[in-house]
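Asks: Build me a model:
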Amino acid sequence: MNIVSIIKLVPDLVEELTVDESGVALERDWLRLIINEFDDHSVEQAILLKEMSGGQVTVIAPDLEGTDDVLFAANARGADRMIKLVGDFDEGVNNHALARACVSVIRDMQPDVILTGVQAHDDLDGSVGPLVAEYLDRPYVGYVAGASLSGGKLSIIKEYPGGLTAALDVTLPAVLGVQAAEQPPRYVAISKIRQAMKTAVIEEHSIDDLDSSGGPIIGRLYQPEVGERATMLEGDEEAIAARIIDIMQEKGLL
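Replies: Numbering: from 1, shown residues only. Next comes the predicted model:
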């Protein structure tokens, strides 16, 4: 089976984020990027499919600071081929442009299944998975929590709100948005990643033109602004209940 996993690098929310002078983007000089959590699960699910059914796993990522480390780690986990999209990604790129860039490489590969994370915390204009599916005219299933090959089709476990799940059969080729792999992303020792750095090769594909059409235009980016402070209600239960009723009457809610 020919399997492709697309990954994004996103800002690490543990670090402090600063808006740059333009007011519409993050300051990137000190921005730490990490693999999107759901994309990490998509890589794991891709490797699990390979281990269950055979085939080859290709991981594709845009060229950003830290991309090489992420790709070598994927190789150490079991990915066979790593592709880095080289273009003007440093200043940020919307998901429409990223999806089109990935499709320009994927189209000739003719993969049986493409996996992406179901979403990322910096998605403003739709997730990459549905966009890739649209550009390739392939079916898409999101919120996937498990997949296996059965009779030439993928048997999918899809999660719904409220703890509900569904079992689906998906005809290949298809695109999956992974919410959780069947097992947590496997740990890889640093020594194994360093070995991958010595032996593995990252292919580079130049993207001359990033087409961002269809995405939103950011008018302003800013830290949440402080509004009116909360009022703490004090007293016993009856006093607090009476005050809540008074407030609701003052607001015209009662």
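
Asks: Longest strand of this structure, counting residues only.
Replies: strand 140-150 (DSSP state E).

Asks: quick check: mean pLDDT across that one?
Replies: Mean pLDDT, computed over strand 140-150, is 94.

Asks: ok now the following helix or strand past it, how far from the chain's centre?
Replies: Downstream of strand 140-150, the first helix or strand assigned by DSSP states H and E is strand 153-160. The chain centroid and the centroid of strand 153-160 are separated by 18 Å under Cα atoms, centre = their mean, to the nearest Å.

Asks: mind listing what's buried in the helix or strand that strand 153-160 is followed by?
Replies: Once the chain leaves strand 153-160, the next helix or strand it forms, by DSSP H and E, is strand 164-171. Buried positions in strand 164-171, judged by neighbour count with 16 or more other Cβ atoms under 10 Å: V170. To be clear about C-beta, it is placed using only N, CA and C from the backbone, and glycine gets the same treatment.

Asks: where exactly do the helices run in the stretch 101-250 of the chain?
Replies: Using DSSP state H, counting those that start in this stretch, the helices of the stretch 101-250 of the chain run over 128-136, 190-199, 237-250.

Asks: possible to save those as TSV with distance to P62, mean pLDDT and mean neighbour count?
Replies: Listed next are the helices of the stretch 101-250 of the chain as TSV, based on distance: least, Cβ to Cβ, whole Å; pLDDT from 0 to 100; neighbours: other Cβ atoms under 10 Å:
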stretch	distance to P62	mean pLDDT	mean neighbour count
helix 128-136	11	96	21
helix 190-199	20	96	12
helix 237-250	50	93	11
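
Asks: mind checking which of those is nearest A73?
Replies: Closest approach to A73 among those (Cβ to Cβ): helix 190-199, 5.3 Å.

Asks: chain center to the longest strand of the chain: distance?
Replies: Per Cα atoms, centre = their mean, the centroid offset for strand 140-150 relative to its chain is 16 Å.

Asks: quick one: strands adjacent to it?
Replies: Applying DSSP bridges, strand 140-150 is found paired with strand 153-160 (antiparallel), strand 174-178 (parallel).

Asks: Contacts only, for L85.
Replies: By Cβ atoms under 8 Å, 6 or more residues apart in numbering, the residues touching L85 are I60, A61, P62, D63, A101, C102, V105, H205, I207.

Asks: From those, list just the buried residues.
Replies: Members of the contacts of L85 classed as buried by 16+ other Cβ under 10 Å are I60, A61, P62, D63, A101, C102, V105, I207.

Asks: Find the residue closest to the fifth one in space, skipping its chain neighbours.
Replies: In space, and not counting its chain neighbours, A101 is closest to I207: 4.6 Å by Cβ to Cβ, 6 or more residues apart in numbering.

Asks: List just the nearest of the contacts of L85 to Y187.
Replies: A61 (20.1 Å).

Asks: Please name the residues that touch the closest one.
Replies: Shown in contact with A61 (Cβ under 8 Å, 6+ apart): I6, I7, K8, L9, T67, V70, L71, M82, I83, K84, L85.

Asks: how near is it to L124?
Replies: Distance from A61 to L124, counting by Cβ to Cβ, to the nearest Å: 19 Å.
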